[in-house]
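Fold the following and give me the result.
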Amino acid sequence: MALAADPAVEQVILLSRPGAAAYLGQPQMHGLRIVETVPPRRTSGFGPLRRVVQVLDLVREHAQIRELSRRGGENMVLALDSSKYPWPRLLTAKSSQRLALFLHNVKPHHDETAASARERVLRYLELGAARGVDRVIVHGEDQKRTARASVPGDLVAVTLPTSTRIDDVATAPSVPVEVADDDAGHASTSARRATQDLTALTSSPYALVLGELRANKGVELAIDAAGHAGVPLVVAGRAESAELGRELADRARRAGTVTVVDRFLERSEFTQLLEQATVVVLPYTHFDAQSGILAKAVAAGLPIVASDLASLREQAGEHQPAVFADVHNTKDFAAALRQGFDAAMAQPRSAQSAPAGAPDRSDWDATVNAVLNTRRRGRRH
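Okay, here's the model as predicted:
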């Protein structure tokens, strides 16, 4: 996107884990390089030993990023998409190189009042990353207000973009990235489900919860509400743990109207599920950022049912139809789900407010400018 938006950018390097190019469809684009040197995630093995190996992997990752920085020019901007680097200045090899950090979750997914010692340490390190860069970029003004308490320096809010050029430059089908699972049970379950044909699943109207399944997303509450309301619900995405996956599967069986697809989705499957959904459901229990799923639902003109959270209301803006309710109240959220689903069913798909014309991708301009206009702290330009 930087190459498309700013002619002064000579090259964009995407540094990621093995499998990134395959997932993106082997994109071919002048000035774009994909470097797959980030160590794969270590999510299996004996607990203490795994932690040690993870630390060693992080050290190796720092060294690899710094080596790429050494090869980069004086005017390079290193845009970090993760806050796992507590001392980010170690990643740059030249003093003039600039650091920008996308801080996706100002508040952690866990309950801070009941955080474990490990969670508190990790949180301290995350905030260290935010304090060590030249600019922090967040999505939405609500998250910016929250972040200001812990980010004293340059802080910029942008709207989460929805358009993409990936399909324009892909040269092969997308292949899901293989990631080791926490235990063999979850891995084998995911492998079996990878063969599911989504055509039959999407042939009838359904409400949709889409994306990685994490504790703060309130997926279990949406399942309960869907069962209570008798609304067909598809939950699609990989659970963050085998335990959560089993819990969601058990709740889905009890609900009777819910199908859980617990695995990574390749891009065409993601698009298929989203575009054919009757209504998109966002049942977050707490959330202070902007939702990529909500952004795509709004861009596609799809009806939404969401938790009554300030961040989601701000991001949805004037989008209609949209129904908000307290996800912790099963009856209220079930009523909202029933209302949103029935209203969408009564309205022909062709009448839903999908944007007209080809996307101009100008929604990326603010993000690109936020990165490229990063300035070294303490230096005048």
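
Where does the prediction get shaky in the stretch 1-150 of the chain?
Low-confidence segments of the stretch 1-150 of the chain (pLDDT under 70): 1-5, 40-47, 107-115, 118.

just so I have it, where are all the strands in it?
Per DSSP state E, counting those that start in this stretch, the stretch 1-150 of the chain carries strands over the ranges 12-16, 32-36, 77-80, 98-102, 135-139.

which of these sits most buried?
strand 135-139 (a mean of 26; mean count of other CB atoms under 10 Å). C-beta here means a position set from N, CA and C on the backbone, and glycine is covered the same way.

Using CSV, list the CA coordinates for it.
In CSV, the C-alpha atoms belonging to strand 135-139 read as follows (Å, rounded to 0.1, in the frame of the first residue of the first chain):
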residue,chain,number,x,y,z
ARG,A,135,5.4,6.8,16.9
VAL,A,136,2.5,4.7,18.1
ILE,A,137,-0.4,4.1,15.7
VAL,A,138,-3.8,3.0,17.0
HIS,A,139,-7.1,2.3,15.3
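
Excluding its own residues, what touches that strand? List them.
Strand 135-139 has contacts (CB atoms under 8 Å, 6 or more residues apart in numbering) with 98-104, 106, 130, 144, 147, 151, 153-160, 289-290, 367, 370-371, 374-375.

mind listing what it pairs with, with the direction of each?
strand 98-102 (parallel), strand 154-158 (parallel) (DSSP bridges).

got a list of what residue 319 touches?
So residue 319 contacts 298, 304 (CB under 8 Å, 6+ apart).

Sorry, wrong one. I was asking about residue 175.
Contacts of residue 175 (CB under 8 Å, 6+ apart): 19, 22-23, 266.

which of those count as buried?
Buried members of the contacts of residue 175, counted by 16 or more other CB atoms under 10 Å: 22-23, 266.

taking those residues one by one, which sit in helices?
Using DSSP state H, the subset of the buried ones among the contacts of residue 175 located in helices is 22-23.

excluding its backbone neighbours, what's nearest the residue nearest to the spatial centre of the chain?
The chain has residue 292 as the residue nearest its centroid, 5.9 Å off, counting by CA atoms, centre = their mean. Nearest-residue entry for residue 292: residue 160, 6.2 Å, with adjacent residues in sequence omitted and distances by CB to CB, 6 or more residues apart in numbering.

repeat for residue 205
Per CB to CB, 6+ apart, closest to residue 205 is residue 278, 4.3 Å.

neighbours around that neighbour, how many?
23 (other CB atoms under 10 Å).

what sits against residue 169?
By CB under 8 Å, 6+ apart, the residues touching residue 169 are 27-29, 32.

Export stretch 267-277 to PDB, keeping only CA atoms.
Output of stretch 267-277 as PDB, limited to C-alpha atoms (Å, rounded to 0.1, in the frame of the first residue of the first chain):
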ATOM      1  CA  ARG A 267      -8.600 -16.100   2.200                       C
ATOM      2  CA  SER A 268     -11.300 -17.300  -0.300                       C
ATOM      3  CA  GLU A 269     -13.100 -19.100   2.500                       C
ATOM      4  CA  PHE A 270     -13.000 -16.100   4.700                       C
ATOM      5  CA  THR A 271     -14.500 -14.000   1.900                       C
ATOM      6  CA  GLN A 272     -17.100 -16.600   1.100                       C
ATOM      7  CA  LEU A 273     -18.300 -16.800   4.700                       C
ATOM      8  CA  LEU A 274     -18.400 -13.100   5.100                       C
ATOM      9  CA  GLU A 275     -20.100 -12.100   1.900                       C
ATOM     10  CA  GLN A 276     -22.800 -14.800   2.100                       C
ATOM     11  CA  ALA A 277     -23.700 -14.100   5.800                       C
END
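
Could you chop this structure up by domain?
2-168+362-372, 196-351 (automatic domain parsing).

hmm, back to that, got the contact list for the residue nearest to residue 292?
Contacts of residue 160 by CB under 8 Å, 6+ apart are 139-140, 290-292, 295, 315.

hmm, 6 Å instead?
139, 290, 295 (CB atoms under 6 Å, 6 or more residues apart in numbering).

try residue 266
Taking CB under 6 Å, 6+ apart, we find residue 266 in contact with 174, 176.

mind checking how far it is from residue 170?
Distance, residue 266 to residue 170, using CB to CB, to the nearest Å: 11 Å.

From residue 88, how far out is the closest residue to residue 25 other than its chain neighbours?
Nearest non-adjacent residue to residue 25, counting by CB to CB, 6+ apart: residue 170, 2.8 Å away. Distance, residue 170 to residue 88, by CB to CB: 31 Å.
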